[in-house]
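*Asks:* Next comes the sequence, and after it the predicted model I'd like to discuss.
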Amino acid sequence: MSRVCRSSIVVNNWFSNMEAALTHTQRVLRLYRHALQHSRSWEVNRKLWRQEALALRERFEKHRGETNRIVAQQLLEAGEAEFEREKHPDPYKPCTALDGSKWERNIPPPHWACKPTKQEAEWLADKRYWQ
């Protein structure tokens, strides 16, 4: 899927789903957030992942003060391309998130199943007087 941006540049990657009206800062923040989330898929150990997260933050901070728009755009495009190339093929999902391992495991029963039958209601009525 490709989309033509305002500058008539065709972007053919995951980030093409973003709206063309996003600012450069918003695109950088999204790239950072997605890279940080996907880094969890590569490293399960929290302490080791934290080291990788700090290294990732350092890479972003190194170019934070870039004032040349052309260089900043090239850095962003290179980062997006690297993310597409290096992202995990089977990303980690929290167990209770949509499509996680516990998603809809204990869903509440349907409303009609919660109403007792006549026989169950009589049985429950008798049980109430037991004490």
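*Replies:* Arrived safely, thanks for sending.

*Asks:* SS state for residue 81?
*Replies:* Classification of residue 81 by DSSP: H, G, I helix; E, B strand; the rest coil places it in helix.

*Asks:* How many residues are close by it?
*Replies:* Residues near residue 81, counting by other C-beta atoms under 10 Å, number 12. The way it works is simple: take the backbone N, C-alpha and C, and place the C-beta from them, glycine included.

*Asks:* Quickly find the element holding residue 102.
*Replies:* Counting by DSSP states H and E, no helix or strand carries residue 102.

*Asks:* For it, which residues are in contact?
*Replies:* The neighbourhood of residue 102, defined by C-beta atoms under 8 Å, 6 or more residues apart in numbering, consists of 95, 96.

*Asks:* What are the phi and psi values at it?
*Replies:* Per-residue torsions, residue 102: phi -110, psi 10 (degrees, to the nearest 10).

*Asks:* and what of residue 90?
*Replies:* Per degrees, to the nearest 10, the backbone of residue 90 is at phi -130, psi 80.

*Asks:* Look up how far residue 100 lies from it.
*Replies:* Per C-beta to C-beta, to the nearest Å, residue 90 is found 13 Å from residue 100.

*Asks:* Could you do residue 38 as well?
*Replies:* 16 Å.

*Asks:* same check, this time on residue 28
*Replies:* Where residue 100 is concerned, residue 28 sits at a distance of 28 Å (C-beta to C-beta).

*Asks:* ok, those two, which is more surrounded?
*Replies:* Using other C-beta under 10 Å as the criterion, residue 28 and residue 100 rank with residue 28 on top: 19 against 13.

*Asks:* can you tell me the helix or strand for that one?
*Replies:* Going by DSSP H and E, residue 28 is part of helix 24-42.

*Asks:* So which residues make contact with the next helix or strand after that helix?
*Replies:* Later in the chain than helix 24-42, the nearest helix or strand by DSSP H and E is helix 46-62. Contact partners of helix 46-62, identified using C-beta under 8 Å, 6+ apart, comprise 28, 32, 35, 36, 39, 40, 42, 43.
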